[in-house]
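K.L.:
what shape does this take:
(chains A and B)
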Number of protein chains: 2
Amino acid sequence: MTDKIITISREYGSGGRTIGRKTAEALGIPFYDKEIIDLSAQKSGFDKLIIESHEENIPNSFLYTVAMGGYYVGNMLPDQIYQTEYNVIHEIAEKGPCVIVGRRANYILSDKYDTLNIFIHADIEARCRRAVEEYGADVKDARKIVETIDKQRAKHTSHFTGLKWHDLSNYHLCLDSEKLGIDGCVSVIMKTLEELK
Amino acid sequence: MTDKIITISREYGSGGRTIGRKTAEALGIPFYDKEIIDLSAQKSGFDKLIIESHEENIPNSFLYTVAMGGYYVGNMLPDQIYQTEYNVIHEIAEKGPCVIVGRRANYILSDKYDTLNIFIHADIEARCRRAVEEYGADVKDARKIVETIDKQRAKHTSHFTGLKWHDLSNYHLCLDSEKLGIDGCVSVIMKTLEELK
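P.N.:
Below you'll find the model as predicted:
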């Protein structure tokens, strides 16, 4: 067990989600990833699909306008979704120790909680392989998908937090999952938690 | 023991040097930090002081010109010192497993060796405290010293390698020494090495 809230930021295809899930299982604490979308949809009344598309798209994209049937005004929708996810993440954190993947939870909880903030990354080739093998991407499209989603995550981070996504200062522990393997990363995270006690 | 060469990059005042030394002691392998300056001085004929000043100053600085009695021409001296340190680091690596602190060894050895590249960082307040307590800096100067040396390390990295010093992609393991403590960092590094076997 741990008394910590663990946030995991990750490059697309790095296995960060799996590492987060396995860590939560090993610690016997709740795991939140897509669950945050369900909770945000319930809370805001927005369709899950709109929230999901917001997560991988930069604000002001054409998609929002289309998704809202033309009702999109300026930055209102992305900011509203961010605010809803912000509230949901705080509600989750109030319940106690857990693992939260993505959604800038490291930043969102930084003022109030003593979190352990982790970043999982790997080289582009390893992540393309994973996109094909795990997520079923077409081999010829994999690199473009990986690069596009990473770019969007970096832009989102910069837009909503003012931080640089890849700046190691924003995390307590950064791990290369290609070097360490998925289970290796989980072991190192468990060791890190031990050292924090 | 490990069969790995471990490189440690670090923010000034983060305790990266101590973490590197303790890791080398725990593994029973050689530790190189200032020793690289001695070896580079022997090899190049440059004075140790000039090499030392090069390490914390950006190329083209006035200091080089003064130090060389006006014989400094363009980028020649910084590039010559970099090349000497490059050769020394390769000679060290050829001897076998070791811990090398600083000097962009992660980049220098990347083509030829399967290194474990680590970055140690901590928040600015913790590093200022360390600069005062460990290195004897004056309290009122500590912040300026820490920020100036970090800026110089970032500039050197960018100049000689084209990489961003703070980009987590350049390292397999990044650790916040304020969060984990010096011994905590050593333990996590040891665990990481175990997982690589």
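K.L.:
all contacts plus neighbour counts: C-alpha atoms, from now on.
P.N.:
OK.
K.L.:
after the helix or strand of chain A with the lowest mean pLDDT, which helix or strand is next?
P.N.:
When the helices and strands of chain A are compared on mean pLDDT, DSSP states H and E, helix A:62-67 comes out lowest with a mean of 45. Past helix A:62-67, further along toward the C-terminus, the next helix or strand under DSSP states H and E is helix A:76-94.
K.L.:
what's that following helix packed up against?
P.N.:
On a contact count with 3 or more Cα pairs under 8 Å, 6 or more residues apart in numbering or on different chains; DSSP states H and E, helix A:76-94 meets helix A:35-44, helix A:48-56, helix A:105-108.
K.L.:
if we use 10 Å, what do you get?
P.N.:
Under the contact criterion of 3 or more Cα pairs under 10 Å, 6 or more residues apart in numbering or on different chains; DSSP states H and E, helix A:76-94 touches strand A:5-10, helix A:35-44, helix A:48-56, helix A:62-67, strand A:98-101, helix A:105-108, helix A:139-161.
K.L.:
what is the mean pLDDT for that helix?
P.N.:
Average pLDDT, helix A:76-94: 86.
K.L.:
roughly how far is it from the heart of the chain?
P.N.:
Offset of helix A:76-94 from its chain centre (Cα atoms, centre = their mean, to the nearest Å): 13 Å.
K.L.:
same question, stretch A:176-188
P.N.:
With Cα atoms, centre = their mean, you get 18 Å for stretch A:176-188.
K.L.:
so which bits of chain A are right by chain B?
P.N.:
Taking Cα under 10 Å from any Cα of the partner chain as the measure of proximity, chain A contacts chain B at A:116, A:118-123, A:164-181, A:183-185, A:187-197.
K.L.:
from these, which land in strands?
P.N.:
Mapping the residues of chain A next to chain B onto strands (DSSP state E) picks out A:116, A:118-121, A:173-176.
K.L.:
filter those to the buried ones?
P.N.:
In these, burial by neighbour count holds for A:116, A:118-121, A:173-176, counting by 16 or more other Cα atoms under 10 Å in any protein chain shown.
K.L.:
wait, A:Lys43 sits on A:Gln80?
P.N.:
No. Counting by Cα atoms under 10 Å, no contact exists between A:Lys43 and A:Gln80, whose distance comes to 11.4 Å.
K.L.:
end to end, how far does stretch A:28-44 reach?
P.N.:
29 Å (Cα to Cα, to the nearest Å).
K.L.:
now it: average pLDDT?
P.N.:
The average pLDDT for stretch A:28-44 rounds to 90.
K.L.:
A:Pro78: neighbour count?
P.N.:
With neighbours defined by other Cα atoms under 10 Å in any protein chain shown, the count for A:Pro78 comes to 23.
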